[in-house]
Structures are given as C-alpha cells and as structure tokens.
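> My questions are about this predicted structure, shown below with the sequence.
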Amino acid sequence: MAAQTVLVVGATGNIGVAAVKGALQAGRNVLAVVRNQNSADKLIKHVGTSKGITFVEADVASDSGIANVVTKVREGKLPAFQHLAGIAYRDTIEYLREQENSSFTMCTGSQGDLATHPLPAMTQGALFSLCLGAARENLDKSVRVNEVYLGFRVEVDEDAAQHGVVSSTEFGAVFEQLLDRSDIRSARVQVTTPEDMRVLRHARRF
C-alpha cells in the first residue's frame with residue numbers, strides 16, 4: 001500500500017517545519033506548499049532531506065492559492081493527500097471528506113487566552129472559533145478535525161538551540177502521533193509541557 005500524503009500549508013514556518021518532520025517520521029509523504037524555490041531550499045535545509053517531499057508553489061494569502069493546489073491534485077498533476085496540517089479549511093475540507101482515514105490538524109497558541117502580546121492574541125482568538133466550528137461540523141464526517149493548543153514557543157532546530165526554546169523536531173512528535181491516532185477527533189490537544197509532546201493530552205470538544 002502506498003504511503004499516505006500530508007498537505008502542509010506554510011511548510012517553511014516554525015510549525016510547518018515541525019509538521020513536515022512529523023509526517024516524514026510517521027512514514028508519510030509530504031506535499032509542501034511554499035512561496036518559491038528559495039522557500040523550498042530553506043525547507044530542505046531545515047528538514048535535512050527532500051526525500052518524500054513534493055513541493056508546490058502557491059500564495060496562501062490569496063483567495064485562490066490553496067484552491068488551485070486542490071484543483072491540481074484532482075487533475076492528477078500533484079499527489080493526492082489524505083491529511084492536512086495548517087490553515088486552509090475552506091479550500092480543502094470537501095476534498096478531505098472524500099478520503100478515507102483523513103485528518104485536518106490546526107495549531108493555535110495560548111496567546112489567545114493570555115493576551116500578553118495583543119496582535120497574536122487577536123489572531124489566535126479567531127483561530128479558536130474556526131477550530132471549534134470545524135470540530136462540530138465534522139463530528140459525523142470521515143475527516144478527523146483536531147486543534148493543537150501550543151503553550152510555548154517553537155523554532156526550527158538551529159534557532160531553538162540558540163534561544164533555548166522547543167525545536168521543530170521535538171514538536172514534530174505531536175504531528176507524528178496524531179496521524180496514527182484515529183481515536184482522537186474533534187478534540188483539543190493540549191501541548192503546554194514537554195511531557196505533552198510524548199504523551200498526547202486531549203479532550204473532545206463535543
């Protein structure tokens with residue numbers, strides 16, 4: 001049986017790199033959305049390999065960026081995917097519902113509750129609502145929708161080592177485990193301590 005594929009939106013960010021590493025560690029392939037070739041090269045540097053990764057250039061900020069990626073997948077121009085890590089719910093959810101054993105995983109942050117930094121706090125508040133609505137909407141659907149609630153800073157490995165924060169490799173273990181945990185759905189996965197990256201702490205929203 002061919003390995004499943006994870007679509008990672010924002011693949012070169014700190015969280016995106018973690019999602020790519022987790023997917024590869026879980027034996028999945030990756031369809032990585034990047035801005036350009038420089039971004040692809042940057043991801044290869046952070047991950048340490050290009051094996052198992054297909055790159056697709058898209059503007060994730062545009063209304064049609066991810067929609068065009070899904071169209072190319074349907075046309076057979078890009079690999080089919082069964083899982084998604086990132087924020088692209090509107091353009092991918094119908095496709096994911098057509099797949100077997102599929103999942104949609106979005107990462108939020110504790111700034112939405114703490115608000116020590118106003119700008120990220122405001123954006124996280126909106127993501128909380130999206131995660132909650134998506135979890136309810138897909139309760140009886142084939143796709144597992146989960147929110148990863150992150151309580152600390154994650155950076156790519158070389159930066160994490162300099163700044164004394166959690167690395168993308170360490171956080172990638174959360175994505176790795178979620179891909180195989182079909183029992184976790186419509187849930188918030190709390191990641192606020194190092195132990196939470198080893199043993200998933202989760203609770204159903206409904």
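Perfect, thanks for sending it.
> Every contact and neighbour count from this point should use C-alpha atoms.
Will do.
> Kindly tell me how buried Leu96 is, as a neighbour count.
23 (other Cα atoms under 10 Å).
> what comes into contact with the worst-scoring helix or strand of the chain on mean pLDDT?
Across the helices and strands of the chain, mean pLDDT, DSSP states H and E gives its lowest value to helix 111-114, namely a mean of 78. Helix 111-114 is contacted by residues 117, 120-125, 128 when judged by Cα atoms under 8 Å, 6 or more residues apart in numbering.
> Quick one, which of the residues you listed are buried?
For these, a burial check counting by 16 or more other Cα atoms under 10 Å picks out 121, 124-125, 128.
> list the contacts for Ser50?
Ile44.
> separation between it and Arg35?
Distance, Ser50 to Arg35, by Cα to Cα, to the nearest Å: 16 Å.
> sorry, back to before: quick check: mean pLDDT of the helix or strand just after the least confident helix or strand of the chain?
Counting by DSSP states H and E, the element after helix 111-114 in chain order, helix or strand, is helix 118-137. For helix 118-137, mean pLDDT is 86.
> What ranges in the chain fall below the confidence cut-off?
Scanning the chain with the threshold set as pLDDT under 70 gives 1.
> quick one: buried residues of the least confident helix or strand of the chain?
111-112.
> burial of His202, as a residue count?
As a burial measure, His202 scores 19 neighbours (other Cα under 10 Å).
> Surely it is in contact with Ser186?
No - in this structure, His202 is not within contact of Ser186 by Cα atoms under 8 Å, at 9.9 Å.
> circling back: in CSV, could you pull the C-alpha coordinates for the least confident helix or strand of the chain?
C-alpha atoms of helix 111-114 as CSV (Å, rounded to 0.1, in the frame of the first residue of the first chain):
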residue,chain,number,x,y,z
GLN,A,111,-1.7,33.9,23.4
GLY,A,112,-5.4,33.7,22.6
ASP,A,113,-6.0,33.3,26.3
LEU,A,114,-3.1,35.1,27.9
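> Contact partners for the residue sitting nearest the centre point of the chain?
The residue lying closest to the centre of the chain (Cα atoms, centre = their mean) is Ala85, at 2.1 Å. By Cα under 8 Å, 6+ apart, Ala85 lies in contact with 6-9, 16, 19, 104-106.
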